[in-house]
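J.: Sequence and computational prediction follow.
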There are 2 protein chains.
Amino acid sequence: MAVLQREYGRRALLQQIRLSGRIPRIELADKTGISRATVTTITAELLQSGLIEEVPRADGGDARRGRPRVDLKIRGAARLVAGVKISQHRLSLVLLDFEGSQLATLETDLPAPVLSPQQMAEAIRTAVARLAETAGRSVEEVSGVGVGIAGLVEAGDGFVHWSPSLTDRNVQFGAVLAAELGRPAFVDNDANLVAEAERLFGLGQSQSDFIVITIESGVGMGLVLGGELYRGSRGCGAEFGHTKVHLDGALCRCGQRGCLEAYVADYALLREAAIVPGADPTAEPAKRLEALLKAARSGEPAAKSIVDRAGRMFAMGLANLVNIFDPALIILAGEQMQFDHLYADTVLGAIRTSIVQVDKPPPEVVIHKWGDLMWARGAAAYALDQVSDLALAEMGDHAA
Amino acid sequence: MAVLQREYGRRALLQQIRLSGRIPRIELADKTGISRATVTTITAELLQSGLIEEVPRADGGDARRGRPRVDLKIRGAARLVAGVKISQHRLSLVLLDFEGSQLATLETDLPAPVLSPQQMAEAIRTAVARLAETAGRSVEEVSGVGVGIAGLVEAGDGFVHWSPSLTDRNVQFGAVLAAELGRPAFVDNDANLVAEAERLFGLGQSQSDFIVITIESGVGMGLVLGGELYRGSRGCGAEFGHTKVHLDGALCRCGQRGCLEAYVADYALLREAAIVPGADPTAEPAKRLEALLKAARSGEPAAKSIVDRAGRMFAMGLANLVNIFDPALIILAGEQMQFDHLYADTVLGAIRTSIVQVDKPPPEVVIHKWGDLMWARGAAAYALDQVSDLALAEMGDHAA
């Protein structure tokens, strides 16, 4: 029992120090509810292990008034982690120290949008090596690599049921990656990692319950409940793009009918685009989409009808989430201007009028545009979390 | 800090004793992670307060082998609570002792299906008094009354935004009730209380994440996540009946369009029932519904089409819940045979084929038919929980 309590205490204190940035011991006790004596013991162990360090207080403290002279903080040099976001055409990477400071970034093209698990692992190893090199470090110095990938992922053991980026279904992708890298690898659904980044660094820092919706070629969701990422009973977490918005509706890439994605994804919009006057059915998809959205903005009725319905379906799906979860905050995260129509005021208005009406303000809906590097930062944050746990587990053997 | 830790410890130990039924001290320490010394101190306080009691072990223990001679259990006589379920036409009540043993039950008609908050409170007071009398007790001996009501309820302070059973919106119904009863009253949404009953006494005992769907005149949902009832950021909890299953769809009682209820509720089915050959539009609604369901069962095509669509919409809504929550278990709770068509194998099959397909078994869907008394039991369980907290708070002053 005493061992379990020490492990719990170490974890709680390390997390609190990470959250606080800099914090005196006495506040650690107040914030965690762990006794001052135990805080003293455990922080001594953490200092000895090199995971945290003492720094002088900016104001020097005041011993007479009982104010301490030193704060505790995470020791940046303790560990190194990498975060990787797999997009349709490229990898985005970020290298963080144990404190979360960004040491290097890298963006690199993938040889193809869909790769075998082994090819993808090799592409990631090459990219991580280049990333480490940029900061004058080597892959061997990286304590863990977090990877965000679209699809159905069981984060616990890095099992990918299905991903649009991989040729194979049901892959132990975490194991394939770890073997290729020679380092611990942690794989999760990319929208979950965006939610994790929002929770740790972003708009979710002050919220215990919020939803992050990501829009790329698919629609993703990450759900934070009670201050933690919700993964569901089968570990795959929340799925939003394939919730049904129409009984026997439009055919989806997944093979089912009426999925939200079958109304809002690129390919869904293009199905009807041939009807728009002046449409060129021989152009490549990206060009056709661009033309459709331009026509809609200029008020062309057919184009507008196509794009408006996508927005209304999206609003309906989001309103359902609000009814089910009653979150305080919804974050629409994404970088691509091409989905601006889903962020339109009319869409946000439709969400507000479609939720159950009570005499309380509806949840805040905010749009948070960020690039692929922020997704990579989420992946790195996940790696930081896992690497911290590994570091604490190592400490277990030589505890005081 | 020490005070907070003691409060936490008392709560954790009392809950564990309740969950375990009978448990020796040493197991309490193992199961809660609280040190043996603290368990000894706190259980002594709980014994002194009369909330728990010692009972001899059935096998007498074995002191030589370190097996204790006594177990701890909740002391039934410590407190008395009542649970009330408000249905469309009646009140169902149950009286429990502090151990959760059922001492009396009562079912009584309401003067009308919709009452003013004050009238409803009076009806409940009369019923609770009769209930207590049945067991040879008085209202004054009841430590708390839990009440389940349909609608949007903020359980924290018993605020009812809206309920089909009350004439007024935005009522501090908990306060109205407490004033009328002269006892603490705890109000919650009825489906939440069914979920609570399933968690404590029912099919949810071994599950940390499950969904309870109730079907009466409306469709309710209770959500247990991480072993606790999920109430959302605004305290109203999860809403299922008014999630949208069709953009611009059928008009709902709530004033919006396309709600699930607008496809599966009695009144929704009756909208189209006039088309069924032999339908009598002058009959009262219950008779018309009965005739419709009978015609559907006998294979009459129009009736079958009406009822089948309700089932398919219901399956679609449930499949969306599965996609979003990935629960291990879905419990369909209700007593009314008239909704059997929503529990049909075809509906359950449609749920399985509409969820995201991974190579893992879909969540278990079980049908748990129970009467209004079980709903009342959920309300009483909620009261037990709240009354336990009040009892622990009272202890705070004369702690060792």
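T.: Structure's in. What do you need? Numbering: from 1, shown residues only, chains lettered A, B, ... in the order given.
J.: tell me which residues of whichever strand or helix holds residue A:53 are tucked away?
T.: Residue A:53 belongs to strand A:52-56 when assigned by DSSP states H and E. For strand A:52-56, the neighbour count (16 or more other CB atoms under 10 Å in any protein chain shown) marks A:52, A:53 as buried. (Glycine included, C-beta is placed from N, CA and C.)
J.: Show me which residues of the next helix or strand after it are buried.
T.: As assigned by DSSP H and E, the chain's next helix or strand after strand A:52-56 is strand A:70-74. Buried positions in strand A:70-74, judged by neighbour count with 16+ other CB under 10 Å: A:71, A:72, A:73, A:74.
J.: Equivalent analysis for stretch A:363-377, please.
T.: A:363, A:365, A:368, A:370, A:372, A:373, A:374, A:375, A:376, A:377.
J.: just checking, which of those residues belong to strands?
T.: If you go by DSSP state E, the buried residues of stretch A:363-377 have A:365, A:368 in strands.
J.: related to what we said a few turns ago, hmm, who's touching the strand holding residue A:53?
T.: A:14, A:17, A:22, A:43, A:46-47, A:69-75, A:78 (CB atoms under 8 Å, 6 or more residues apart in numbering or on different chains).
J.: Is it possible to get JSON lines of those that adds pLDDT and distance to residue A:149?
T.: What follows is those, written out as JSON lines (pLDDT from 0 to 100; distance: CB to CB, whole Å):
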{"residue": "A:14", "pLDDT": "94", "distance to residue A:149": "28"}
{"residue": "A:17", "pLDDT": "94", "distance to residue A:149": "31"}
{"residue": "A:22", "pLDDT": "92", "distance to residue A:149": "35"}
{"residue": "A:43", "pLDDT": "94", "distance to residue A:149": "37"}
{"residue": "A:46", "pLDDT": "95", "distance to residue A:149": "33"}
{"residue": "A:47", "pLDDT": "96", "distance to residue A:149": "37"}
{"residue": "A:69", "pLDDT": "82", "distance to residue A:149": "47"}
{"residue": "A:70", "pLDDT": "91", "distance to residue A:149": "42"}
{"residue": "A:71", "pLDDT": "93", "distance to residue A:149": "38"}
{"residue": "A:72", "pLDDT": "95", "distance to residue A:149": "35"}
{"residue": "A:73", "pLDDT": "95", "distance to residue A:149": "32"}
{"residue": "A:74", "pLDDT": "96", "distance to residue A:149": "28"}
{"residue": "A:75", "pLDDT": "97", "distance to residue A:149": "31"}
{"residue": "A:78", "pLDDT": "95", "distance to residue A:149": "27"}
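J.: out of the residues you listed, which one sits closest to residue A:244?
T.: Residue A:244 has its nearest neighbour among these in residue A:14, at 42.6 Å by CB to CB.
J.: Not including adjacent chain positions, what is the nearest residue to the closest one?
T.: residue A:388 (6.0 Å; CB to CB, 6 or more residues apart in numbering or on different chains).
J.: For that neighbour, give its distance to residue A:128.
T.: 19 Å (CB to CB, to the nearest Å).
J.: more neighbours, those two?
T.: For residue A:388 versus residue A:128, neighbours defined as other CB atoms under 10 Å in any protein chain shown are more numerous around residue A:128 (26 against 23).
J.: Would you mind confirming that that one makes contact with residue A:140?
T.: No. Residue A:128 lies out of contact with residue A:140 (CB atoms under 8 Å); the separation is 10.9 Å.
J.: What residues of stretch A:142-157 count as buried?
T.: Result for stretch A:142-157 [16+ other CB under 10 Å]: buried residues A:142-155.
J.: ok, and which of these reach chain B?
T.: Among the buried residues of stretch A:142-157, the ones lying near chain B by CB under 8 Å from any CB of the partner chain are residue A:152.
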